[in-house]
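J.: Give me a model of this one.
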Amino acid sequence: MADEDEDIPQFSSANAGDIDLSDETQDFRFLSNLSISGTDLPKIPKRGEKDFEPYSTSLQSSTLAASRAAMHTALSIPRIHPPKTHIVAIYDPQSNMAYVDKVKSQHFQTMGKFVRGREWLLPEEALFMLERGSLDVRWPVINATDNDESGDLKLGVPMSLQGAYAAFIGMEDGVGGKLTLEMYNVYAGLKRSGYIVFRTGDWKDEARTLNLTSVAKSDTENINTKHWSLGLFADMWNRLSTREASNSANRLALGPLVTPGIYRSYSDIYRLLELIPTHDRSTPPSFLLPADSSNHFRITYDIYKPSGKFRKTARGPPDYQVAVVNARETSLPTMAELNDLLATTPHDPPSSTGPLYQKLKYGSRNIILAIVDQGIPSYIRIADASFGEEKLHERKGRAPRGKLGGHRGRGRGRGRGR
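T.: This is a model prediction of the structure:
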């Protein structure tokens, strides 16, 4: 008798490398072992096996039904707050934020702000803690007395996750405009990755100010470095020994770019080819566009790397700065918009002794654009690269050697004919 599987049509299978295992049907029967009762804490279960192709068999149908039942049972388990770590936050409709009277978690070491005896949370902070089950947000009780409610409802009606999304997103007038879904997606993704994220600027002021403090500091460091390393004398000798390039209008209009003559180095020739002048990046920046609250290109978050010595009262300069942009509502930025965006970032030039291409990538001012397209963020670094200051023709150093060296043999050769 022929097997039952012979009547099943055989489909052409794709390459094994093109199959995404996360898109296949998973076996959720391992979730049946979870239980909220008992003294032992539940452990994170392992993922089960998957069926890659459907077969018209009763075994596979029953297995799929049991897997779906186990998944629905696991999702129906109520999420509870342990009494020791139960944190209740009250929603404030006027500021669209939430405040906590008694802090019981270490999360507040890297989020929130203490004002007048209460710990206030921004909308993205309260929504993130509520989404991960670390915070119990309540709707405020209006004109209520002690006799109106009893028990846990005196603090207010618990806010559901759907209600939190409706209340916190799009209903706030704060720094950088209202909290959007794109801003929260970037914030939640960075927090899950372990970064410390804060909003840029003050909670009440406009987040569009020139950053001028780091410019003078950078100039002072460069002067001190020149004196101690004798780089000042080297710079003077370089100016005296090099040939000045006279890029006059008559020479550029009538004669060749490289005029006939005697050149003692390639640096003199390359200087004649420098036609487009570059600006001094150590000068204070300035805005090109008038202030506009609807401008999409502005710094949104300050990001810090996780550190045990971090204090939110003395955060220091951020490691990264991110500007969140909606890809569906924003076009490519103009040069004026990029200038105003980079003008709000600190002047932080790279080390002069670092690799050349790393310095060009880092730039003197840089910002990370978080471009969100339908909930999927893509991060792009925009930098004010100093191509005119990095002289490729003045690089000094030895050419890279091969794996075995290039000066002499390894001493293991045996002459032919011996």
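J.: Could you grab the helix/strand/coil label for residue 285?
T.: Here residue 285 is recorded as coil under DSSP: H, G, I helix; E, B strand; the rest coil.
J.: Give the closest residue to it in space, chain neighbours not counted.
T.: In this structure, residue 285 finds its nearest non-sequential neighbour in residue 343, 3.8 Å apart by CB to CB, 6 or more residues apart in numbering. Just so you know, the C-beta spots here come from the backbone N, C-alpha and C atoms, and that holds for glycine as well.
J.: got the contact list for the one you found?
T.: Listed by CB atoms under 8 Å, 6 or more residues apart in numbering, the contact partners of residue 343 are 210-211, 285-287, 365.
J.: show me the contacts for the residue lying closest to residue 375 once chain neighbours are set aside.
T.: Excluding its sequence neighbours, the residue lying closest to residue 375 (CB to CB, 6+ apart) is residue 185, at 5.7 Å. For residue 185, the contact set (CB under 8 Å, 6+ apart) comprises 372, 375, 377.
J.: Including pLDDT and neighbour count, could these go into JSON lines?
T.: Putting the contacts of residue 185 into JSON lines (pLDDT from 0 to 100; neighbours: other CB atoms under 10 Å) gives the following:
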{"residue": "372", "pLDDT": "96", "neighbour count": "22"}
{"residue": "375", "pLDDT": "91", "neighbour count": "8"}
{"residue": "377", "pLDDT": "95", "neighbour count": "18"}
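J.: In terms of pLDDT, where does the nearest residue to residue 301 once chain neighbours are set aside sit?
T.: Nearest residue to residue 301, sequence neighbours excluded (CB to CB, 6+ apart): residue 322, at 4.7 Å. What the model reports as pLDDT for residue 322 is 96.
J.: Wasn't residue 322 part of a strand?
T.: Yes: Residue 322: assigned to a strand according to three-state DSSP.
J.: beta partners of it?
T.: residue 301, residue 368 (DSSP bridges).
J.: Can you report how many residues lie near it?
T.: 24 (other CB atoms under 10 Å).
J.: need the contact list for it.
T.: So residue 322 contacts 186, 190, 299-301, 303, 367-370, 379 (CB under 8 Å, 6+ apart).
J.: Sketch out the low-pLDDT regions of the chain for me.
T.: In the predicted model, the chain carries pLDDT under 70 at residues 1-52, 142-154, 172-177, 202-208, 210, 212-252, 254, 395-418.
J.: In the longest helix seen in the chain, which residues are buried?
T.: Ranked by residue count under DSSP state H, the longest helix found in the chain is helix 58-75. Neighbour counts using 16 or more other CB atoms under 10 Å place 63, 67, 70-71 of helix 58-75 among the buried residues.
J.: about what we covered before: quick one: which of the contacts of residue 343 has the most company?
T.: Of the contacts of residue 343, with other CB under 10 Å as the count, residue 365 tops at 23 neighbours.
J.: That one contacts residue 384, correct?
T.: Yes: counting by CB atoms under 8 Å, residue 365 does reach residue 384; the two are 4.5 Å apart.
J.: Next, show the common contact partners of the two.
T.: 281, 342.
J.: quick one, phi/psi of residue 79?
T.: With angles defined as degrees, to the nearest 10, residue 79 sits at phi -90, psi 120.
J.: residue ranges for the helices of the stretch 51-200 of the chain, please.
T.: Assigned by DSSP state H, counting those that start in this stretch, the helices in the stretch 51-200 of the chain fall at 58-75, 123-131, 161-168, 181-192.
J.: Tell me how far the residue nearest to residue 301 lies from residue 365.
T.: Taking CB to CB, to the nearest Å as the measure, residue 322 and residue 365 are separated by 15 Å.
J.: And residue 292, by the same measure?
T.: Distance from residue 292 to residue 365, by CB to CB: 21 Å.
J.: Who are the contact partners of residue 342?
T.: By CB under 8 Å, 6+ apart, the neighbours of residue 342 are 285, 365-367, 382, 384.
J.: which SS class is it?
T.: helix.
J.: re the thing from before, out of the contacts of residue 342, who's nearest residue 84?
T.: For the contacts of residue 342, the minimum distance to residue 84 (CB to CB) is 42.2 Å, reached by residue 367.
J.: tally of neighbours for the closest one?
T.: Counted with other CB under 10 Å, residue 367 comes out at 22.
J.: Residue 183 now?
T.: 23.
J.: And the closest residue to it other than its chain neighbours, how far from residue 279?
T.: In space, and not counting its chain neighbours, residue 183 is closest to residue 324: 4.9 Å by CB to CB, 6+ apart. Using CB to CB, residue 324 is found at 28 Å from residue 279.
J.: Neighbour count for the two, which is higher?
T.: residue 324 (24 against 9).
J.: All the strands of the stretch 151-300 of the chain, in order from the start?
T.: Secondary structure of the stretch 151-300 of the chain by DSSP state E, counting those that start in this stretch: the strands cover 196-199.
J.: Next, count neighbours for residue 257.
T.: 12.
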